[in-house]
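Trainee: coordinates for the following, if possible.
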Amino acid sequence: MRKSLKYLIIVFVFMFCMALLSGCVPGDGRNSTEDPAGFFWGIWHGWVAPISLIIGFFNREIRVYEINNAGWWYDLGFYIAVISGFGGISFFRRKKSNKD
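Mentor: I've put the predicted structure just below:
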């Protein structure tokens, strides 16, 4: 009983975080040509890119990348976030030992 409660809490926290992170995905209508996404939106969209990709399977208006952006600065923020997010995974991987 106690173990199932622990799993239920973990699932609830995971679902809450997913809902929280998906609140500002690219293509949600927040940005326009008059008010394009800038550097910090690029960072945010880079962090939530995997979530945007999953949501994009079900909603064709949601994209991984905001089309109404400020150009080079948005790109820089987006790529910094994507590289730091996915590159940081390698720090947690176990290194193979060469015991031959």
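Trainee: now the element after whichever strand or helix holds Ile9, going C-ward?
Mentor: Taking DSSP states H and E as the criterion, Ile9 maps to helix 2-21. Using DSSP H and E, the helix or strand that follows helix 2-21 in sequence is helix 39-47.
Trainee: if I look at the residue nearest to the spatial centre of the chain, how far off is Leu20?
Mentor: Taking Cα atoms, centre = their mean, the centroid of the chain lies closest to Val48, which sits 1.4 Å from it. According to Cβ to Cβ, to the nearest Å, Val48 stands 10 Å off from Leu20. For the C-beta atoms, the positions are set from N, CA and C on the backbone; glycine is no exception.
Trainee: give the buried residues for stretch 5-17.
Mentor: Buried positions in stretch 5-17, judged by neighbour count with 16 or more other Cβ atoms under 10 Å: none.
Trainee: quick one: secondary structure of Ala81?
Mentor: For Ala81, the assignment made with DSSP: H, G, I helix; E, B strand; the rest coil gives helix.
Trainee: give me the number of residues near it?
Mentor: Ala81 is flanked by 19 other residues according to other Cβ atoms under 10 Å.
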